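> test case, fold it:
(one chain, ligands or ions: 1)
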Amino acid sequence: AIERTLSIIKPDATNRNLTGKINAKFEEAGLRIVAQKRIHLTKAQAGKFYEVHAERPFYDELCEFMASAPVVVQVLEGESAIAKNREVMGATNPADAAAGTVRAEFAQSVGENSVHGSDAPETAAQEIAYFFAGLELVG
Ligand code: CMP
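Presented below is the predicted three-dimensional model:
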């Protein structure tokens with residue numbers, strides 16, 4: 001089915017001007033960028049986004065990092081977009097990411113791993129709604 005997923009190009013990647021190279025990988029995989037904006041999150045906004053990880057030992061560091069520089073939040077659309085985006089991103093830890101994936105090529109560590117992608121249809125819907133109004137999604 002055609003799905004939509006929420007993607008974030010993280011501060012380590014925007015700092016290194018990798019937005020275009022990462023977008024090229026999404027588009028080459030058949031994912032259409034139907035909404036996109038560059039924003040600088042506050043730590044509180046990052047904290048709310050990553051609320052499910054609030055009890056994890058890396059939560060504070062994760063929120064600091066996500067608020068350290070601009071991010072690009074985007075909605076990707078396509079056939080099985082959620083799984084396809086996860087394939088293009090590669091494993092969370094770049095040491096485990098398959099060759100050619102975004103994280104294998106660009107990520108610096110498990111924390112500074114260049115991209116986020118929704119993990120399931122329910123979280124995709126929630127995460128898209130966190131950043132975008134319906135009128136901003138242009139398919
Ligand atoms: P993401 O897909 O954005 O979802 C949660 C994030 O937590 C994950 O990517 C990683 O960047 C981050 N994360 C996961 N494990 C660790 C860790 N051990 N140390 C720091 N950050 C982590």
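> what separation do you get for A29 and E87?
Counting by C-beta to C-beta, to the nearest Å, the gap from A29 to E87 is 7 Å. C-beta coordinates here come from the backbone N, C-alpha and C atoms, glycine included.
> right, I mislabeled it, should have said L31
L31 sits 10 Å away from E87, going by C-beta to C-beta.
> if you count what's nearby, which of those two comes out ahead?
Using other C-beta atoms under 10 Å as the criterion, L31 and E87 rank with L31 on top: 25 against 12.
> state the pLDDT value of that one.
Looking at L31, its pLDDT is 98.
> so it sits right up against Q74, yeah?
No - using C-beta atoms under 8 Å, L31 is not in contact with Q74, being 9.5 Å away.
> which helix or strand contains I8?
According to DSSP states H and E, I8 maps onto strand 2-9.
> same check on L76?
strand 71-79.
> paired strands for that strand, with orientation please.
strand 2-9 (antiparallel), strand 32-39 (antiparallel) (DSSP bridges).
> which elements pack onto the host helix or strand of E105?
E105 is part of helix 102-106 when elements are defined by DSSP H and E. Packing partners of helix 102-106 (3 or more C-beta pairs under 8 Å, 6 or more residues apart in numbering; DSSP states H and E): helix 19-28, helix 81-89.
> now the angle from the helix or strand hosting Q126 to helix 81-89?
Remark: Q126 resides in helix 121-131, with elements defined by DSSP H and E. Per axes from the mean of the first three to the mean of the last three C-alpha atoms, to 10 degrees, the angle that helix 121-131 makes with helix 81-89 is 80 degrees.
> so what touches helix 121-131?
With contacts defined as C-beta atoms under 8 Å, 6 or more residues apart in numbering, helix 121-131 is touched by 3-6, 37, 39, 48-49, 73, 75, 82, 118, 137.
> only whichever of the residues you listed are buried, select them in ChimeraX.
Typed into ChimeraX, the line below selects the buried ones among the contacts of helix 121-131, using 16 or more other C-beta atoms under 10 Å:
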select :3,4,5,6,49,73,75,82,118
